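*Asks:* What would the 3D arrangement of this be:
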Amino acid sequence: MRYKTLCTVTISIFVLTASAHAALPQPPCTVSATPAYSAPDVAPTIAIWHGGDLDQSKWRPPSCTGWSPNSHSKLVVAVAGSFRFNGPIAQLLERVGAISTFRTIRYWSATDKAWRPLANDASALTGPDRANRRADFAASDLIKNANLYYWEDDSRSGEIIYRLNVIESAPDRAVIASENITPVRKFFVTLFKPGTLQSTIFIQRLSTGLFGIYILSRTDKGTSALAEGHDASYVNRAAALYRQLAGIKTDQDPPAAK
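*Replies:* From the prediction side, this is the model:
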């Protein structure tokens, strides 16, 4: 089955501050999401928050994210969209588990002003060792409480191992969290200590033939100052992952952020 591509020419990105208390990050736990899902088959809604504003608002991650409630975030990015899909959620979970496809996902580099691959190489792992490569995860691997691992040779930051934690897995909803368990380094400088680069994906059936994807990503206060000031990169990488999961060509213009 082929899926409709984005039919708008712009993507809405909101930078929200502490004054907008009602607009703090809120994934679709037991309440409505903020930002809300975009309409079907149009660009997802994207919002970003910075650490100072989150601290001023005393925001802490909801428990449904799988993140520590005591963590302090330096940057939070949310991507929320909906798309038409008539298959079972298992088919969407297979896209989550298709780690090898990271080589074909392309995101817009605001630095290079060009589309570039998310990773040079990537593989699912049988454990937290890059030598233990295996085939992509199947939907049957992504069951509730599963802890899985994958490795990627990030096109910018080099080799990183991540842990996947399946928080929920049901016929109409899945929640999958990931975090780096090895440091992210560049030029011998540690940009992200283990556990400071996290994301949670919410996949939810909204109605018959309609699914929503909400991706919430964060960097922790332990992140190096050298990793700051790259909001467009975080946004574009999250948008590329959304497109991949929604069955949209990842390098289709326009990019989320230039």
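
*Asks:* State the distance from residue 185 to residue 131.
*Replies:* Going from residue 185 to residue 131 by CB to CB, to the nearest Å gives 19 Å. C-beta: built from backbone N, CA, C; applies to glycine.

*Asks:* These two - which one has more neighbours?
*Replies:* Ranked by neighbour count (other CB atoms under 10 Å), residue 185 and residue 131 place residue 185 first, with 15 against 8.

*Asks:* Give the full set of residues in contact with that one.
*Replies:* Residues near residue 185 by CB atoms under 8 Å, 6 or more residues apart in numbering: 157, 158, 191.

*Asks:* again with residue 190
*Replies:* Contacts for residue 190 (CB under 8 Å, 6+ apart) come out as 183, 184, 224.

*Asks:* Residue 234 too?
*Replies:* 48, 75, 77, 217, 219 are the contacts of residue 234 under CB under 8 Å, 6+ apart.

*Asks:* quick check, it in a helix?
*Replies:* Yes - assessed with DSSP: H, G, I helix; E, B strand; the rest coil, residue 234 lies in a helix.

*Asks:* how close does residue 56 get to residue 77?
*Replies:* 18 Å.

*Asks:* With residue 233 instead?
*Replies:* Taken as CB to CB, the span from residue 233 to residue 77 is 10 Å.

*Asks:* before we move on, what about residue 205?
*Replies:* Residue 205 is 24 Å from residue 77, by CB to CB.

*Asks:* more neighbours, these two?
*Replies:* When residue 205 and residue 77 are compared for neighbours, residue 77 comes out ahead with 23 against 18, by other CB under 10 Å.

*Asks:* thinking the more buried one is in contact with residue 50, fair?
*Replies:* No - counting by CB atoms under 8 Å, residue 77 stays clear of residue 50, with 10.5 Å between them.
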